[in-house]
Every structure is written in C-alpha cells, then in structure tokens.
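K.L.:
here is my input, please return the structure:
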Amino acid sequence: MNRVYTYIVLLLFISRISFGQQIPDNIKTELAGYEEQITKFKNEGNKNLELEYSNKAAFLCWNNQFFDLAIKHFENVLDINKSLGNNNGILMATNYLGMIYSETEKYNKAIEYFKNGLSISRSLKNKSDIVSGLINIAQTYQLSGNFDESNKSSLEGISISKELTDIKSQRTFYGIIAENYQKLGNSGKSIEYFDLFASLDKFIKNQEIKDIKNQSASEVNKAQQEKAITEKELIKQTDKLKITEDSLAVVEELTREQKMQLELKESQIKAQEAQLKLERLWRSILIYGFLAILIIAALLLFLYSKIRSQKTQIEEQRDKLDLQNKKINSSIQYAQNIQQAILPTTKQLDKHFDSFIIYKPKDIVSGDFYWYVEFNDRVYIASIDCTGHGVPGAFMSMIGNRLLNEIVIEKNILEPAKILSMLNDKIIIALRQNETENEDGMDVCLLCFEDIKNKGKAIFTGAKRSLLIFRNENKAIEEIKGDRLSIGGSKNENRDKEFTSHQIIINSQDIVFLSSDGLTDQNNADRKRFGSQRLNDLVIQNSNKQLPDLKTIIEKELDNFQQGEEQRDDITFIGLKIK
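P.N.:
Now for the predicted structure:
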C-alpha cells in the first residue's frame, strides 16, 4: 500500500513540475518509475544506481522535449558525478545542460555551461574534448548573434585542430567563420574562409571515396581467396576418388586371380573403363573450373570498370557543381553589395529624424528596397515592394530606384501622386507591358515632407500600401490607406484614375511607419500570420521606448513567432520620429 501511495504522489509531482506541458500517460508512467528508483537508491546511499536512473529520467524528458524536467535531472546527474569525483561524467552532464539551453534559445546559460565543460577539458588536457567544447561555444555565440566571440572561439579551435591533424573539425570552424563574416557584411573575409572550408571538404570527401575503393578491393581479394580454397577442396576430393577406384580395382583383380581367366580379362576391361571415366571426370572438373574462374574474373573486371567509371563521373560532376556554385554565390554576393550601395544610409535619415530600419531579404538579394531623397527643400522617403524576391526582385528594385531618382531629380516632378503616376507609366514602358504578357510591378508607400524646416506637414501617397502613424496624444494607431492601384502590370486596369494625395500633420512624439507586406504576412509553424493587429499592439505597448529599442523588440517578437519557420518574403519596416 505504501508503494502505491508513493507512486501516486510521484505522478502528481511530475504533473505539477511540467509547467503546463501535457505529458502522455505512457511517458508519465515510465518517468514515475525512474523517480521511484532514484528516491530508493538515494535513501540507500547507492550513488552509482541513483546516477544510472537519473540519467535515464533526464534523457527520457529531453527526448520528449520536456526541457525543464530534463534540466532538473541533468543537474542531479552533475551533482552526483561531482560527489563521485567522476570528471568525465561531470564533463558530459555539463555539455548536455549546455545543449538543452541552446536548444531552448537560452544562449547565455548555454554558453556558461559550455565554458564550464571547456575548463574541465583543459584541466584534463584532453585536446579532442577541448576542440568539441570550442565548436559548441562558437556555434552558440553564432546563434545568439555574437559573431565576433564566435570567430574568437573558432580561431582557437583551428589552432588546436591543426595540432591534432583533425581536418573535420578544421572544416567545421572554417564554415562557422565564413558564415559569421557573411552576416557581419564582410564578403571578402567570408569568401576567404569559405574557400578554406571548401578545400578541406573536398579533401575529406576524396578520402571517403578512396576508403570505399579500398573496401571494394578487399572484397575482390576475399572472393579470390574463397575461389582458391574451393579449388583445393576439389583436388582433394578427386585424389580420394582416385584412391578408392584404385583400391577397388586391386581387390577385384586379386579375387579374379582365384577364379577363372575370363573373369580376370573382364576385370581388366572394367578397370580400363573406370580409368576412362575418371579421366573424363577430371577433364570436366578442369573445364568447368576454368570457365567458372573466367566468369568470376570477367564479372569482377566489369564491376571494377563500372565503379571506376561512376567514380570518375561523380568526381567530375561534383567539381563542376562546386565551381558553378562558387561562381553563382560570388556573383550574388557581389550583387548584394551593389544593391546595398543604392540604399540610403542611416546618416542621411539621422539628419532629420530619429529612425530605425528593419530590412531582412528572404534571399541574399531582395525585391524590397527603401528610397530617400532631399530635393528643393523637400524630403522624400518610400518603402517599395517589387514583384518577386531574390534575383528577379532585385532587378525590379534597381529599375524602381533608378526611375524614382529620374522622376524627382531629373524631371523635377515633386507631387507624390504625380510621382507614382509617372513611375507607373515608366515601368509599363521599360518592361514593354503593353506589348508583352509581363505582369511585374511594385507596391509603394511614399511620404513627402514639403518643407525640411517644418516637417510637421507631410503628404502621403500609396500604391496598395498604407501608412501607419502612432498618435502619442491618444496612444492609438492611425492607418492611412493608399489607393487600390499597383505600379505596373500587363492589364493596367483603371490607369486613367490618378493616385490620391493625403495631407497629414505629424506631431513631435508621433511615430510614422512605412513597410512592405513581408512582416505582417510572415507565418509560423502552425501556418498563422504575424498580422497587423499583433504589430499594432506591439507598437502601442512599447511606444515609450527609444526607436532602436522598439526595433529590437519587434525583431525578437518576429523571431519568437516564426519558431524557426522559413522566411516567406522580403521584409522592410521603417520607423520615423521627427527631431
């Protein structure tokens, strides 16, 4: 009865500490059994068995993603190993805790545990474990966005890996550094370390192919040895048969000598026939054995030739793909530099506004871009969402940026509605949309401050994009909708209708937002959209924050919402506050 009561209490305890997670009955029962054993052996002072069941409970919780319970049990494992003085056990438990915290995106805790594990490895002077620890730390710093510390750990790891001639670890570190420099915007360094990564990757793959070749040769030798053994057995059996036949012939001969002469002659004839049969059997054995050897040899030669041909083709195709991939990536990286060069700098915006810009291309280059111009005492800023993303969208963004500069600066067209009308006409002409089936275009959110010295008055014009204003006076979001007309497109419906200009007043504490639809349309793993309401609520709740802090909050909320889901579109979101 006491045991049943204890079992029920453990089940209730597990249900409470799961922090709202619903544990399946089979997992709950198995975990309760482990908890009962842990308590029993702890009371008996049997630390080894307590450690064994604590490990089982920890891995059960980890494998089923009950992370808080897993952490609790691994901390118990760590304490037991410390009491036993088991350094290897301490190292493993420490690293497991770091992995769980990294998996749950608690990167600071993860790094803390990984560094503790690294200290243990250094004290044990185990260079292989030191390399593994540095990989964990470098990857966790990378995930947390601390690319400089990630590079620092990677460079130390490369040095130790070279001492161990551990080229696989070197390859891993080079890959981490290449990705870090890419995210830091240093294309030159990124390409330099990517080349080192690619060369080691190619060498490792060549070694793996060589090992496969050696294994194939070993199998051929094994087959040849088995064939030789078979031939020896055949020879032995043939010798035994010959001895038997000879013995029978001798016995018959002795018996017939005691009989008639006729029987002797018959026995001699039978002996000759037996000899002929034996010779025919021997010839057959030799012929069929030789044919079997030829067939096996031909088959092995064919297989070897085919494997060698396939290996050569695979290596050639791999080298071509590696080269093509490298050229394509290099070209796209250079295109990214060009596209980044046409975007306004923060210094330009900081001259008149407090601002932030969230600009996250789906691919290396983007179909979104933002535009900023000061001309004739006016300030223009726009967020533009072109058709598509990646390389096609990037081409459209370059065309759009060039046409906007031409319309305002060269043509001296200053009214926002007229700017969008002329942009529409020029896109149709540039893409020959009246002659072809091309339907590419762009959605635009354009804001014009008529007087740089008095930025409280502005004009907004939108092409399928709205302008959002946080009004500090009533702590609410005001949405000014643009026209339901896009820029460009093959059908060009309603192109005789002009775009609408909206005169607006902006107070000093108001915040203006221009954006593409990428942020609100982003989905999570459950296929739910981030949505306008979520964004508006987030802005209202944090309206008292500085704009850089508001940017960080929005990015963090978006990251938490995505849950690792792939970005579906380019994202542009700009916030402005008049200085």
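
K.L.:
next, count neighbours for residue 54.
P.N.:
The burial metric for residue 54, expressed as a neighbour count using other Cβ atoms under 10 Å, is 28. (C-beta placed from N, C-alpha, C; glycine too.)

K.L.:
hmm, it is touching residue 80, no?
P.N.:
Yes. Taking contacts as Cβ atoms under 8 Å, residue 54 lies within contact range of residue 80: 6.6 Å.

K.L.:
which parts of the helix or strand hosting residue 132 are buried?
P.N.:
Assignment of secondary structure by DSSP states H and E places residue 132 within helix 127-144. Neighbour-count burial for helix 127-144 flags 129-142, 144 (criterion: 16 or more other Cβ atoms under 10 Å).

K.L.:
out of the residues you listed, flag the one nearest to residue 440.
P.N.:
Checking the buried residues of helix 127-144 against residue 440 by Cβ to Cβ gives residue 142 as the nearest, at 36.5 Å.

K.L.:
what's the farthest-apart pair in the buried residues of helix 127-144?
P.N.:
In these, the most distant members under the criterion Cβ to Cβ are 129 and 144, with 22.6 Å between them.

K.L.:
now do the top helix by length along the chain: distance to the chain's middle.
P.N.:
Secondary structure assigned by DSSP state H gives helix 261-342 as the longest helix of the chain. Mean C-alpha position of helix 261-342 versus that of the full chain (Cα atoms, centre = their mean, to the nearest Å) differs by 39 Å.

K.L.:
could you identify the helix or strand that succeeds that helix?
P.N.:
Scanning the chain past helix 261-342 towards its C-terminal end, the next helix or strand to appear is helix 346-350 (assignment: DSSP H and E).

K.L.:
dihedrals phi and psi, residue 357?
P.N.:
Listed backbone geometry of residue 357 is phi -130, psi 120, with angles given as degrees, to the nearest 10.

K.L.:
so who does it touch?
P.N.:
Counting by Cβ atoms under 8 Å, 6 or more residues apart in numbering, residue 357 touches 346, 349, 370, 551, 572-575.

K.L.:
what's the closest of the residues you listed to residue 534?
P.N.:
Relative to residue 534, the closest of those is residue 573; by Cβ to Cβ it sits at 13.0 Å.

K.L.:
doesn't that closest one fall inside a helix?
P.N.:
No. Counting by DSSP: H, G, I helix; E, B strand; the rest coil, residue 573 is not found in a helix; it is strand.

K.L.:
distance of it relative to residue 547?
P.N.:
Applying Cβ to Cβ, to the nearest Å, the value for residue 573 to residue 547 is 12 Å.

K.L.:
contacts for stretch 89-103, please.
P.N.:
Everything outside stretch 89-103 that qualifies as a contact, by Cβ under 8 Å, 6+ apart, is 51, 58, 62, 67, 70-71, 74-75, 77-78, 80-82, 107, 109-114, 116-117, 120-121, 124, 129, 132-133, 136, 139-140, 143.

K.L.:
now swap in stretch 145-161 and tell me
P.N.:
Stretch 145-161 is contacted from outside by 127, 130-131, 134-135, 137-139, 141-142, 167, 169-170, 173-174, 176-177, 180-181, 183-184, using Cβ under 8 Å, 6+ apart.

K.L.:
distance from the chain centre to the helix holding residue 132, please.
P.N.:
Here helix 127-144 shows a centroid-to-chain-centroid distance of 17 Å under the convention Cα atoms, centre = their mean.

K.L.:
quick check: buried residues in the helix or strand just after it?
P.N.:
Going down the chain from helix 127-144, the next helix or strand is helix 147-164, by DSSP H and E. With burial defined by 16+ other Cβ under 10 Å, the residues of helix 147-164 counted as buried are 147, 149-151, 153-154, 156-158, 160-161.

K.L.:
okay, angle between helix 147-164 and helix 127-144 too, please.
P.N.:
Per axes from the mean of the first three to the mean of the last three Cα atoms, to 10 degrees, the angle that helix 147-164 makes with helix 127-144 is 160 degrees.

K.L.:
mind saving the C-alpha coords of helix 147-164 as CSV?
P.N.:
Written as CSV, here are the backbone C-alpha positions of helix 147-164 (Å, rounded to 0.1, in the frame of the first residue of the first chain):
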residue,chain,number,x,y,z
PHE,A,147,29.7,36.8,-34.3
ASP,A,148,33.0,38.3,-33.0
GLU,A,149,33.1,36.0,-30.0
SER,A,150,32.1,33.1,-32.3
ASN,A,151,35.1,33.9,-34.5
LYS,A,152,37.4,34.1,-31.5
SER,A,153,36.5,30.6,-30.3
SER,A,154,36.7,29.2,-33.8
LEU,A,155,40.2,30.6,-34.4
GLU,A,156,41.4,29.0,-31.1
GLY,A,157,39.7,25.7,-32.2
ILE,A,158,41.5,25.8,-35.6
SER,A,159,44.9,26.1,-33.9
ILE,A,160,44.3,23.0,-31.6
SER,A,161,42.7,21.0,-34.5
LYS,A,162,45.9,21.6,-36.6
GLU,A,163,47.9,20.1,-33.7
LEU,A,164,45.7,17.0,-33.7
